[in-house]
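**Student:** Generate a structure from the sequence data that follows.
(2 chains)
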2 protein chains.
Amino acid sequence: MTEPESGAATAPAGTPQLTPTYEGDFVLPGPLDLECGHSLLNPTLHYAVYGRLNAARDNAVLVCHALTGSALVGSWWPEIFAPGAVLSIEHDFVICINMLGSCYGSTGPGSVTPATGQAYGPDFPLISIRDNVRAQSLLLDSLGIRRLRLVLGGSIGGMQALDWAIHDPARVERSVVIAVAPLTAMGLALNHLQRQAIQNDPEWLGGRYLPHLQPRRGLALARQIGMLSYKSAPLFEERFARNPNRNGEDPWGSANEQGGLIGGRFDIAGYLDHQGMRFIDRFDANSYLAILRTMDTWDPLRGAQRPDDVFGRIRSRLSFVGISSDWLFTADSVRKFAETIRAAGVQSDYREMVSDHGHDAFLAEQAELVQLLQ
Amino acid sequence: MTEPESGAATAPAGTPQLTPTYEGDFVLPGPLDLECGHSLLNPTLHYAVYGRLNAARDNAVLVCHALTGSALVGSWWPEIFAPGAVLSIEHDFVICINMLGSCYGSTGPGSVTPATGQAYGPDFPLISIRDNVRAQSLLLDSLGIRRLRLVLGGSIGGMQALDWAIHDPARVERSVVIAVAPLTAMGLALNHLQRQAIQNDPEWLGGRYLPHLQPRRGLALARQIGMLSYKSAPLFEERFARNPNRNGEDPWGSANEQGGLIGGRFDIAGYLDHQGMRFIDRFDANSYLAILRTMDTWDPLRGAQRPDDVFGRIRSRLSFVGISSDWLFTADSVRKFAETIRAAGVQSDYREMVSDHGHDAFLAEQAELVQLLQ
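**Tutor:** Residues are numbered from 1 along each chain as shown, chains lettered A, B, ... in the order given. Got it, this is the predicted structure:
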């Protein structure tokens, strides 16, 4: 299975990937004060750009990546750049910034904190979506970008796309928010179990593991739990049904000759194990914990008296995209969220992708997404 | 939360529980040859009976329990015995038999095998649903029961209720099969992750842990994963939404003063943790693995040329019950399964429980189930 998953770092097999015009680091000139009350001293944002900023400086687009994605949007979302699609490297200046907390170049739990000279590890503070937006806005300032013709993202990237419209309303012309709404109780439950899987692994060591000795089994299981929520039951049924694992294992037999509790796997189990193993080679357990928390705690209306007090600030046009088979962020919840925002007087439309791919459809069926956005 | 979960050992709070007329063990007079090719030597079936067998011996009913349930059906399904409901302790002779593999009295991985004088542990063989039916039929023989006016069960209990109708057609007058069909790929996936959670726990020791030193964290996580599939997103949303844990933890704060990766829990997380902790005090990890496998491998049509070859043997009337919000065994899959069986010429009807309780509705909303079965 080589197709992308939520926040995959790679593109669908066979799709040409784009090389960024520039990829590098921006170090904030001072501390970033966080909503949680803590701060990060001179945090780094790793970012990539595609195309060139025009003379009028009005062709900038910000793409926000999903949970375990990277700044290399040209690698994981290449069909968005196809001729006539959403973005153009001839005409647009596309920026994608690795989220704080991640392990793809921006400051995260594996980074050394100036305070102690050691990695943050378990002491890495809660970074909110808004904290990310504030840090990213400083990077855009440094690039001389005053306007964004478009901000777009799916999943946790969509959380950022909306928060940009709320917290920097003068800079954003349009936001596209894909497959996201504040997490429901079921979403919070799924994240909680992923966290448990990592923390249960004795190699997590309270978050103080060495980088090359991370809690691999726990992280793999967390990823597998996540995969259930990124895909859909119909997709699994179509692909795997009740087939035995394609490597020849027999679910009615035993993994060893003596018989016993552990049997051969079904195909879906082999697939999930494979996804878990792939993931632990490309992601860090503490980063995973950090970004799950960023996702859990996002709720634009938290502490607000009325939705208007928050959404009434928005000046950009919004488009929301729900995915018919998404059960992590259901189409229904995205549609209702879009309606709440429209009720606050914001110019906002809702579109629905009809797909069996579940939450991942915005990465797995990019051509269909492009069509919907045109 | 004191309500029942799939295969709970206790009744809903406030419902009077019934005391069995007799509770005891039946030891098979010889080996039980299993479908997997192995055998159990003189296995024990623990069972409970309610009411008395009449002189005509035509008032026997068999109830099959769900995944982690026990023989004490009067404790976990009391409303089925309410006046005018499905069963009557005045008129019926109700038998419930603990499944092989379980830890509630029947032979399971924690039992001592005569071959070695040690517990089976990880060497406990795969017990199929049909193996259970064959063992149970020997127990019924010993009680002098030639006819069952009714066999009923939900979830893995429904698998047994159907297999009774297939494999002992002359003995069964009616079967009621609730919230079950062969597991789909999503169901197999959920069971695989639960198995991983247990096997990842170093205290599992390859299945050779001492009874009082079982893999508690892994088993608790497995239970939590299971709970997601027994309940529904609407139920979670109604009860927990995005509320902070009711004990006062703050999801936007940290579990310790220093801040850090681990925050306070949301209410749904506190609920799941509580369910996990309750479970490890009442169930055994190896038994859990054994019964998950029994469930995974059930597929009445496996190896058959045509559905008629299997379902054409059935002589009893069948009733299937689907639950509208069940996503482990969807109402749609139960309905289609019932249709396949009807197409084989079997007298079979389908009824649907409209409930937000998910798979657990047959235990959580017993009065509604009773109404549907009347």
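**Student:** from here on, contacts and neighbour counts on C-alpha atoms
**Tutor:** Fine.
**Student:** near chain B, which residues of the stretch 201-350 of chain A?
**Tutor:** With Cα under 8 Å from any Cα of the partner chain as the criterion, the stretch 201-350 of chain A comes near chain B at residues A:201, A:217-218, A:221, A:224-225, A:228, A:232-233, A:236-237, A:240-242, A:251-253, A:258-263, A:266, A:268-269, A:272, A:286, A:289-290, A:293, A:297.
**Student:** hang on, residue A:102 packs against residue A:68?
**Tutor:** Yes. At 7.3 Å, residue A:102 counts as touching residue A:68 under the criterion of Cα atoms under 8 Å.
**Student:** and for the two, which residues touch both?
**Tutor:** Taking Cα atoms under 8 Å, 6 or more residues apart in numbering or on different chains as the criterion, residue A:102 and residue A:68 both touch residue A:288.
**Student:** So which of the two has more stuff around it?
**Tutor:** For the pair residue A:102 and residue A:68, the greater number of neighbours falls to residue A:102 (27 against 24), based on other Cα atoms under 10 Å in any protein chain shown.
**Student:** quick one: contacts for that one?
**Tutor:** A:68, A:108-109, A:287-288, A:290-291.
**Student:** want to try CSV for those, with secondary structure and distance to residue B:145 as columns?
**Tutor:** Compiled in CSV, the contacts of residue A:102 are given as follows (DSSP: H, G, I helix; E, B strand; the rest coil; distance: Cα to Cα, whole Å):
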residue, secondary structure, distance to residue B:145
A:68, coil, 60
A:108, coil, 68
A:109, coil, 66
A:287, helix, 61
A:288, helix, 58
A:290, helix, 61
A:291, helix, 60
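**Student:** ranges for the helices of chain A?
**Tutor:** A:73-76, A:129-142, A:156-167, A:185-200, A:216-230, A:233-239, A:267-280, A:285-296, A:307-311, A:331-343, A:361-364, A:366-373 (DSSP state H).
**Student:** where's the residue in the stretch 101-250 of chain A that chain B sits nearest to relative to residue A:290, distance?
**Tutor:** Among all residues of the stretch 101-250 of chain A, residue A:123 sits closest to chain B, at 4.0 Å; criterion: Cα to the nearest Cα. Applying Cα to Cα, to the nearest Å, the value for residue A:123 to residue A:290 is 10 Å.
**Student:** nearest residue to the residue of the stretch 101-250 of chain A closest to chain B other than its sequence neighbours?
**Tutor:** Nearest residue to residue A:123 in three dimensions, chain neighbours excluded: residue B:260, at 4.0 Å (Cα to Cα, 6 or more residues apart in numbering or on different chains).
**Student:** picking up where we left off before, give me the buried subset of the residues of the stretch 201-350 of chain A next to chain B.
**Tutor:** In these, burial by neighbour count holds for A:201, A:217-218, A:221, A:224-225, A:228, A:232-233, A:236-237, A:240-242, A:251-253, A:259-263, A:266, A:268-269, A:272, A:286, A:289-290, A:293, A:297, counting by 16 or more other Cα atoms under 10 Å in any protein chain shown.
**Student:** what is in contact with residue A:123 and residue A:290 at once?
**Tutor:** With Cα under 8 Å, 6+ apart as the test, residue A:123 and residue A:290 both reach A:109, B:261.
**Student:** ok, back up a step: the helices of chain A: which one's closest to residue B:339?
**Tutor:** Of all these, it is helix A:233-239 that lies closest to residue B:339, at 18.9 Å by Cα to Cα.
**Student:** Can I get the contacts of residue A:102 in TSV including pLDDT?
**Tutor:** Formatted as TSV, these follow (pLDDT from 0 to 100):
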residue	pLDDT
A:68	96
A:108	98
A:109	97
A:287	98
A:288	98
A:290	98
A:291	98
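**Student:** Nearest to chain B: which residue in the stretch 151-300 of chain A?
**Tutor:** For the stretch 151-300 of chain A, Cα to the nearest Cα, closest residue to chain B: residue A:260, 4.0 Å.
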